[in-house]
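# Please find the sequence and the predicted model below.
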There are 2 protein chains.
Amino acid sequence: MAMDNQETVLQALKDHLKPEQITINETIKELHGKDESYHQMELPDIVVFPETTQQVSAIMKVSQQYKVPVVPFGLGSSLEGHVIPKSGGITVDFSLMSKVLDIDAEDFLVTVQPGVTRTQLNKELKKHGLFFTVDPGADATLGGMAATNASGTTSVKYGVMRDQVRDLEVVMADGTVIHTGNKAAKSSSGLHLNGLFVGSEGTLGCFTEMTLRVYGIPEFITAARASFASVKDAVEAVVSILQAGIPIARVELVDEQSMKQVNLYNETAYLEKPTLFLEFHGNEAGLKQDVEFMEEIVQGHACEEIAFETDTAARNQLWEARHTLAYAYIHGYPGKKLMVTDVCLPISELAGAVNHARENLQALGLPGGIVGHVGDGNFHALIMMDMNDEGEVAKAQEFNERIVVYALERGGTCTGEHGVGIGKQKYQKQEHGAALDVMEKIKAALDPQNLLNPGKNIQVDNKEAIQ
Amino acid sequence: MAMDNQETVLQALKDHLKPEQITINETIKELHGKDESYHQMELPDIVVFPETTQQVSAIMKVSQQYKVPVVPFGLGSSLEGHVIPKSGGITVDFSLMSKVLDIDAEDFLVTVQPGVTRTQLNKELKKHGLFFTVDPGADATLGGMAATNASGTTSVKYGVMRDQVRDLEVVMADGTVIHTGNKAAKSSSGLHLNGLFVGSEGTLGCFTEMTLRVYGIPEFITAARASFASVKDAVEAVVSILQAGIPIARVELVDEQSMKQVNLYNETAYLEKPTLFLEFHGNEAGLKQDVEFMEEIVQGHACEEIAFETDTAARNQLWEARHTLAYAYIHGYPGKKLMVTDVCLPISELAGAVNHARENLQALGLPGGIVGHVGDGNFHALIMMDMNDEGEVAKAQEFNERIVVYALERGGTCTGEHGVGIGKQKYQKQEHGAALDVMEKIKAALDPQNLLNPGKNIQVDNKEAIQ
C-alpha cells in the first residue's frame, strides 16, 4: 500500500536512526511481506532495524505523528499472517536487538532482547545448567513467541509462553516505555499486564526487553516412542496417562500419514503407525516408577510397539524427526502451501476431535496429516494446498472451518498456540461473544489511532488505519 | 456515606430481587463494613444477596442508572481492606451463590459459583480423588481468591490463583455478561482477559461463575519439619533445595517468635527455632530420592533437627499449626489489630529481606513474627498493633513502608498475594511507573463511571464516585 507521505516519514525516521537502519529496498520489503503461512504477501512501505528501546520509542512517535501503521517483525515464522503489513507502513525488524542481556541463575531468570531466538538462548543457558522450556518447533524469536503466546511440545509440563513471562518492557503507541511486571515469582499488585500483552500480536505495543523464567536441566530424561493400532487408541492412552497423574514433560501424536513423511524426510525407519513421542523429566528413581506405570497403561490401549531412548543423541534424533515434520510436508509437496489448523479442546473431547478431523480430511479428499500436543488437547492438521487451484483452497478452508466450529462447540478455542493473525479473525466473535467488545475497548484505549499492527487479532475492520 | 437517593435505589433493586435479598439492617451493614485487616470500617448503604447472574446484572444496571458504587463481597477475609465500601453504595454479598456447579474429573476442571469456599470445594473434590491446590490459609471464597489473585503454601509447585482460572463469567459495569476464557488448556485467541480480571479486586466487574483447574490427589505425600540455627540458614537452605531442582510442593518459614505463638495456641511442643515446614508430592520412589537429597542439603545449612511425617493426621496437624498462625497472634494480643506485610522478591534477595525485616522489627520495638512462602520469595511480618496507640500505629506503618521500599528497590512487589485494596495503593506509582497509566486507561475504558469498587487497587482518588 503506497503511503502518500513516505518522504516525510523517512525524513522523520532519519532524525533517530542511522541511514543503514532504514530501508525501502524491494527485496528486503518482500522478506517482510510474508510469514510461513499461506496468507497473501503484502509489502511494508519502510523497514527499520532499531538497536535500542529509545529508537523504538522514536519510531512509535513518528508513527503517531504521521499516522503510519507499525508492524513488529521477528523472523517471520508465524503461521497466521501476523507480520504481513496489511495496511503498509513501517515494519520494525528486531534482528539487531538480539542480545541475551542477563542470565540470573540463582533466580532462574533471563533478560533478553526480543530478537533473541529460542535456540540462541538455550545455547547460552546450557553453560549454566539451565534451559528455556517453550519449544514451538520453529526457531522463532522470543519476541515473536511472546507476541503469539507460543507453546509447543513441553507445555504440558512447563506451561506456555505466557507462564514464562515475568516482565516485558513495552513501547506503547505513543512512545511511552512501560514495564508490565517485575522479577518476583508472583504479585497481586495492580492490574496484571504481563498476561494481557503476551499474545497481543503487536496490537498493543512493541516488546523491547523480556524477563523470562528458565528451569534447571532435568537430572534425568527418558524418551519413548509408542506405536498404536489407531489414532483413537493413542489419544485415549494419553488421557489415561494424565489421569493416572504421571507427569509427562512432552507427549506428541504423529499420525500414520505423518510418520511416512517423517521417514521420507529424515531417512528414518520408524514404524508407520499412529505414534506417540513421549518424554519424562525427573530423578532416576521417580522416572523409573513413572515409566513402568506408563508402559502398563499404553499396553491397555492397543500399543503395538514401545521403544525407550535415554541416550541424548537418540532422543535428539527422535525430537528432530517430530520438529521437522512441517518442513517434511513442505518439501514433500513442492509448489504447494502449508495450511495448519490449530484448535485446542478439553482433553475429554480430543479423541473425538481428531477422529472428526481425519474423517473430514478423507471426505474432502485433502492430502495431509495430523499431529498434536495431545497432553494439552491441542492438535494440528497439516494440509498442503495448491494456491492456484481454487477448488483445493476452498476445500482446505472448508476443512479448517469445520475443525474450528467443532472445537468451539465443545468448549475449545480456534487457536491453541499459533495465534489469530489474519487467519482466525473470523472466529473471534463466535469464540469470545460479548468479551470481544471488552477486548476492543482495551485496544481502543491503548491504541486510539489504531496504528499498531492494524487489522490483526481481534480487529477485522482496519479501514481507519489505511492511509 | 449516606446516599441521597437510597429510596429510589431500593425501589429499583426490588424490581429484580426478592425483599429478603435486600437489606439496610445496621448489623448486616456492619458485617460488610470491614475485613480481617486493621483498615477502618465504613458502611455500605445497602447489602444485596443475589442468587443468579441475571440478578447481578440487574444490580449493575441499577448501579449505572443511579450512579451508586458496587462492592463485591465474599467472606470478608481480605487483609488490605478490599471489601470496605469507602464510597458507600451497594455491597453485593455472594453467599447465596455458593454451588459447585460441575466437577469434570476427566478434564481436571470444576465450575463453581463465586461464593464457594476453598474447603467446601475440596470436600466435594475428595470424592473424585481430586483437590484444588490454592491454599491461602483462610477459608476464603473462591471469588474473593480470584479477585485478589490469592496464593499461599502450595504455589511453589502448582502456581497462584491466576494459574488455575480457565474461565470467568463476569458481569461488567453496564450489566453485560462475558466469559473471559474457555475449557481448553491453552489458547492464543484474542486478548487474554482471564489474567487481567484475576487480581482486579472487583474494580473491573463481578465474577458470577468460575471454571478452575484441579489436580489429582498425589499418590504419595511426605511432610517435613526442619529447625535451623537462624532464619538466614533456613532461607538459604530453601534456595539450595530449589537450585538443586528438587520439586517442593510447599515450603513455609516460621520464625522463632512465631513458633512460640504456634505452640501456645495449638498446645504443640515443636522446637522453638526458625523452622521450615516442607511438603513433597510424587510417586514413592521419586519422593524417597528427593527427600534424601533434601536432607543432605539442609544438613549443610545448620539444620538442628529434622522430622518427617508421612501419616495424614500428623501432616494435617503440622499444616494446621502453620495455618492458624495469624489467629494465634490475634488471640495472643487481645484488643490489638493485625497488620501483615506481604512483599515478594526474587529468591536471591529473600535472605537479605527477611534479615532486614527482623532488624527493623527490633529497631522499632514492634512485637511480631515473620513467616513466609519462601519458595516463592514471599514473606509476611505479622505485627499486632494497638489502634488507639498512635505511636505504635505509626511505627507499624513505618515498618511496612521500609519493607515495601526494600522489596521494590530489588525487583520485588509490594504485595505477593494479599492484593492492593486500600493498604498498598500508595506504592502503586513507585511499583508500576508509567504502566500505572496503562492500567488506569483500562479501568476507565471498562468502568467509565468509576462505580466498581471505587477507590481501591490502582485508584487512589475516588472523589468522582462519592455520592
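That came through fine. Numbers count the residues shown, from 1 in each chain, chains lettered A, B, ... in the order given.
# how about the strands in the stretch 301-450 of chain A?
Under the criterion DSSP state E, counting those that start in this stretch, strands of the stretch 301-450 of chain A are mapped to A:303-309, A:337-340, A:368-373, A:378-385.
# For the last one, what is the distance to the chain centroid?
Right, the one you point to is strand A:378-385. Computed by Cα atoms, centre = their mean, to the nearest Å, the separation of strand A:378-385 from the middle of its chain amounts to 14 Å.
# Just say helix, strand or coil for A:Pro114.
Taken by DSSP: H, G, I helix; E, B strand; the rest coil, the conformation at A:Pro114 corresponds to coil.
# what sits against the residue in the stretch 151-300 of chain A that chain B sits nearest to?
Proximity of the stretch 151-300 of chain A to chain B (Cβ to the nearest Cβ) peaks at A:Gly286, 2.0 Å away. Using the backbone N, CA and C atoms, a C-beta is placed for each residue, glycine as well. Contact criterion Cβ atoms under 8 Å, 6 or more residues apart in numbering or on different chains gives B:282-283, B:285-287, B:289-290 as the residues in contact with A:Gly286.
# Try it again at 10 Å.
A:219-220, A:247, A:280, B:247, B:282-290 (Cβ atoms under 10 Å, 6 or more residues apart in numbering or on different chains).
# follow-up on the earlier one: chain B: which of the strands of the stretch 301-450 of chain A is closest?
For these, the distance to chain B is smallest for strand A:378-385, at 6.5 Å, taking Cβ to the nearest Cβ.
# how far off strand A:368-373 does the closest one point, in degrees?
Here strand A:378-385 runs at an angle of 160 degrees relative to strand A:368-373 (axes from the mean of the first three to the mean of the last three Cα atoms, to 10 degrees).
# Would you mark the buried spots in strand A:378-385?
A:378-385 (16 or more other Cβ atoms under 10 Å in any protein chain shown).
# most centrally placed residue in chain A?
In chain A, the C-alpha nearest the mean C-alpha coordinate belongs to A:Ala150, at 3.4 Å (Cα atoms, centre = their mean).
# how about it, secondary structure?
Assigned with three-state DSSP, A:Ala150 falls in the coil class.
# From A:Arg118, how far out is it?
9 Å (Cβ to Cβ, to the nearest Å).
# okay, and the common contacts of those two?
Joint contacts of A:Ala150 and A:Arg118 (Cβ under 10 Å, 6+ apart) are A:134-138, A:140, A:142, A:144.
# what ranges of the stretch 301-450 of chain A fall below the confidence cut-off?
By pLDDT under 70, the stretch 301-450 of chain A has no low-scoring segment.
# List the beta-bridge partners for A:Ile370.
In this entry, A:Ile370 is beta-bridged to A:Ala381, by DSSP bridges.
# wait, isn't it in contact with A:Gln362?
No: A:Ile370 lies out of contact with A:Gln362 (Cβ atoms under 10 Å); the separation is 11.5 Å.
# These two: which is more packed in?
For the pair A:Ile370 and A:Gln362, the greater number of neighbours falls to A:Ile370 (23 against 9), based on other Cβ atoms under 10 Å in any protein chain shown.
# ok, now which ones touch that one?
Contact analysis of A:Ile370 by Cβ under 10 Å, 6+ apart lists A:231, A:253-258, A:274, A:341, A:353-355, A:357-358, A:361, A:379-382.
# run the last query once more with 8 Å
Residues counted as contacts of A:Ile370 (Cβ under 8 Å, 6+ apart) are A:231, A:253, A:255, A:257-258, A:354, A:357-358, A:361, A:379-382.
# repeat for A:Tyr265
When the contact criterion is Cβ under 8 Å, 6+ apart, the partners of A:Tyr265 are A:324-325, A:327-328, A:331-332.
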